[in-house]
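Trainee: No sequence on hand, only this structure:
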């Protein structure tokens, strides 16, 4: 009888033991839902206190979905007092984590660093947003409801309007999305933001991509998964000033085109073929005219124009090819996305 009781107890212990892959992750709440708020920061000394104040209220509204919320701030080599503010916030509340880079590595580095830190903390869900509150935290309850009701992996946001934005910037932004959607292997929604709520497996997929030259707006779409969209009207920045210049946005757009489209290379090839055919036609015309009229000297101004035109086209084509070669060169070096100088009060 004692042997039977012992055997029964052993079977119960084995049944209660977690199956492989079902172990509880570090940092998870008893309910299994831990939300990590990832915030890349550059010169956000003025914005961060207001960001924390707003999120204090949002936490109560999303408590039914996420009993525990933690924050991952990434200081991308800020030149103001952003790091000092992060230190103070982390010291006052251990749920506020921060990572500070050794220099400015760019927004993409800050984003991937935040996502990787969120995974290390054991987050089951991650939301990415800016510190300037142009990504309104008040939308979080709606994002949570969409994910809960739809059973999707991503709830992304987009701006319905661009009110308050310079018209020239808005025009170029619309053209960029149109170009990407026509000539790339990803379909990005016009006005899409980085502000989105994602499940852990989506974040793991994003972080698994080895590329160094990253364009997150395209990566978010490329990894796939069931996605729902929530729109909102443009919110103007209230504190601090933007670090994005017009030409900075142009370079960022070029990075996106090169990362997700080979259309520029195809255009160069088509232009080269067309130029070759035109040159053959023009050569035949010159030969026939010389044989009939015997006037080899006339027409030199048009010849100079043609040489200039084709030289310009050649240099443009070489420049486009050079963009892709430069990306290959950058990837081949295998440098890390970022270097951490300090993390949660510890120097690296």
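Mentor: In hand now; what should we look at? These numbers come from a predicted model, not from an experiment. Numbers count the residues shown, from 1 in each chain.
Trainee: Tell me, how many residues neighbour residue 82?
Mentor: Each residue near residue 82 was counted by other C-beta atoms under 10 Å, and the total is 25. Glycine gets a C-beta too; all of them are placed from N, C-alpha and C.
Trainee: One more: the one 3 residues further on?
Mentor: Per other C-beta under 10 Å, the neighbour tally for residue 85 reads 24.
Trainee: My reading is that it lies in a helix. Confirm?
Mentor: Yes: assessed by DSSP: H, G, I helix; E, B strand; the rest coil, residue 85 belongs to a helix.
Trainee: Which pLDDT value goes with it?
Mentor: We have a pLDDT of 89 for residue 85.
Trainee: ok, it to residue 210 distance?
Mentor: Distance from residue 85 to residue 210, counting by C-beta to C-beta, to the nearest Å: 33 Å.
Trainee: And residue 84, by the same measure?
Mentor: Taking C-beta to C-beta as the criterion, residue 84 is separated from residue 210 by 34 Å.
Trainee: Same question for residue 91.
Mentor: The spacing between residue 91 and residue 210, counted by C-beta to C-beta, is 36 Å.
Trainee: Now do the strands in the stretch 1-150 of the chain.
Mentor: Here the stretch 1-150 of the chain has its strands, by DSSP state E, counting those that start in this stretch, at 34-41, 68-75, 96-101, 125-128.
Trainee: Residue 309: which of the ones you listed is closest?
Mentor: Proximity to residue 309 (C-beta to C-beta) singles out strand 34-41 among the strands of the stretch 1-150 of the chain, at 44.4 Å.
Trainee: Quickly run through the sheet partners of the closest one, with directions.
Mentor: The strands beside strand 34-41 in its sheet (DSSP bridges) come out as strand 68-75 (parallel), strand 125-128 (parallel).
Trainee: quick one: the helices in the protein?
Mentor: 2-16, 47-61, 82-92, 107-120, 140-150, 167-183, 200-208, 216-222, 246-260, 263-293, 300-333 (DSSP state H).
Trainee: Mind giving me the packing neighbours of the last one?
Mentor: The one in question is helix 300-333. Where contact means 3 or more C-beta pairs under 8 Å, 6 or more residues apart in numbering; DSSP states H and E, helix 300-333 is packed against helix 246-260, helix 263-293.
Trainee: Any idea which of these has the lowest pLDDT on average?
Mentor: Across those, helix 246-260 gives the lowest mean pLDDT, at a mean of 63.
Trainee: dump the residue contacts of the residue nearest to residue 341 when sequence neighbours are not counted.
Mentor: Residue nearest to residue 341 in three dimensions, not counting chain neighbours: residue 102, with 4.2 Å by C-beta to C-beta, 6 or more residues apart in numbering. Applying C-beta atoms under 8 Å, 6 or more residues apart in numbering, we find residue 102 in contact with 77, 339, 340, 341.
Trainee: Farthest pair within those residues?
Mentor: Maximum pairwise distance among the contacts of residue 102 (C-beta to C-beta): 11.4 Å, between 77 and 340.
Trainee: residues bridging contact with the two, i.e. touching both?
Mentor: Common neighbours of residue 77 and residue 340 (criterion: C-beta under 8 Å, 6+ apart): 101, 102.
Trainee: These two: which has the busier surroundings?
Mentor: Neighbours per residue, other C-beta under 10 Å: of residue 77 and residue 340, the larger number sits with residue 77, 20 against 16.
Trainee: ok, the contacts of residue 102 vs residue 275, which is closest?
Mentor: Taking C-beta to C-beta as the measure, residue 77 is the one of those closest to residue 275, at 45.1 Å.
Trainee: wait, what's in contact with the nearest residue to that closest one once chain neighbours are set aside?
Mentor: Of all residues beyond its chain neighbours, the one nearest residue 77 is residue 104 (3.3 Å), with distances taken as C-beta to C-beta, 6+ apart. Counting by C-beta under 8 Å, 6+ apart, residue 104 touches 42, 76, 77, 78.
Trainee: Need the pLDDT of the residue nearest the centre of the chain.
Mentor: Per C-alpha atoms, centre = their mean, the C-alpha nearest to the average position across the chain is that of residue 216, at 2.0 Å. Here, the pLDDT recorded for residue 216 equals 78.
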